[in-house]
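>>> Provided below for reference: sequence and predicted model.
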Amino acid sequence: MNNRILPGAKQFITQNADRVAIVSNNSTHLPADLGEILAGHGVALPSDRIFLAGVEALRSVARSGVSRVMLCAAPRMRGFARSLGLRVVQDNPEAVVLMRDAHFTYRKLERAANALRQGARLIVANADRTHPGPYGRVVPETGALLAALLACVDERSVEPWVAGKPCPMLFERACEGLAITPEEAVMIGDNPETDGEGAARLGIRPILIGGASHLSLLDLLEPVAA
């Protein structure tokens, strides 16, 4: 995650105030972390209107009644899991929870694969294989780790549950947070496969900016009265 915001983002959020929620496949940070970054740019957005794949995946696991989890994730997320009452273990878990893990190792891969072979459920924050990095580089994401893990098991016997876009949960949570229906929402994003497809599946109108789109966030700002 970089600490930059798009041109026009501050003005757009300010203009729309209570009508904005953020949904992101981020699985290494908490909403308060992103709230602090936005605040540093002069953007005020409550953390309860920031919905992140990693956080929502762990909340869903905690609500399901699972208590023992093998968590492949950043230390920040392990601490959050424990705050939800989840017990983070290395052996005999009820579920393997997979997120972006910059310290993923062969040993973790071995333990997770064998846990799945023994019947543990697989919960995945997002299926993105990469995300853009600086200078045109790519950063391996959770989906790359998922591909390695599924290569070690019989895929027919493992059905991952994915929290992030394009799956519906983040969009549903955002609509609940704004107290609106999907039909009353629009999704502004830059990725047609996650933002666009995911929103459309739920009946949310997608508006794509950047990339192949001719629109930018600046085009969506309300005109300022002279």
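It's in.
>>> check contacts around the residue at minimal distance from the centre of the chain.
Residue closest to the average C-alpha location in the chain (C-alpha atoms, centre = their mean): residue 25, at 2.1 Å. Contacts for residue 25 (C-beta atoms under 8 Å, 6 or more residues apart in numbering) come out as 52-53, 125-126, 128, 141, 164-165, 170, 194. C-betas here are computed from N, CA, C, even on glycine.
>>> Which of those fall in strands?
Of those, the ones assigned to strands by DSSP state E are residue 52.
>>> Quick one: the contacts of residue 25 as CSV, columns for distance to residue 8 too.
Below are the contacts of residue 25 laid out as CSV (distance: C-beta to C-beta, whole Å):
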residue, distance to residue 8
52, 22
53, 25
125, 28
126, 26
128, 25
141, 26
164, 25
165, 22
170, 23
194, 21
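>>> And the contacts of residue 25, which two are furthest apart?
141 and 170 (15.6 Å; C-beta to C-beta).
>>> more crowded one of the two?
The residue with more neighbours, out of residue 141 and residue 170, is residue 170; 27 against 20, by other C-beta atoms under 10 Å.
>>> So this protein: which segments form each domain?
Following automatic domain parsing, one gets these domains for the chain: 19-53+166-218, 66-162.
>>> I'd like a version of those domains in JSON lines, one that adds distance to residue 7 and mean pLDDT as further columns.
Below are the domains of the chain laid out as JSON lines (distance: least, C-beta to C-beta, whole Å; pLDDT from 0 to 100):
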{"stretch": "domain 19-53+166-218", "distance to residue 7": "6", "mean pLDDT": "93"}
{"stretch": "domain 66-162", "distance to residue 7": "17", "mean pLDDT": "95"}
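>>> all helices of the chain, in order?
9-16, 31-40, 53-64, 75-83, 106-117, 142-150, 169-178, 197-201 (DSSP state H).
>>> Highest mean neighbour count across those helices, which stretch is it?
Highest mean neighbour count of the helices of the chain: helix 53-64, a mean of 21 (counted as mean count of other C-beta atoms under 10 Å).
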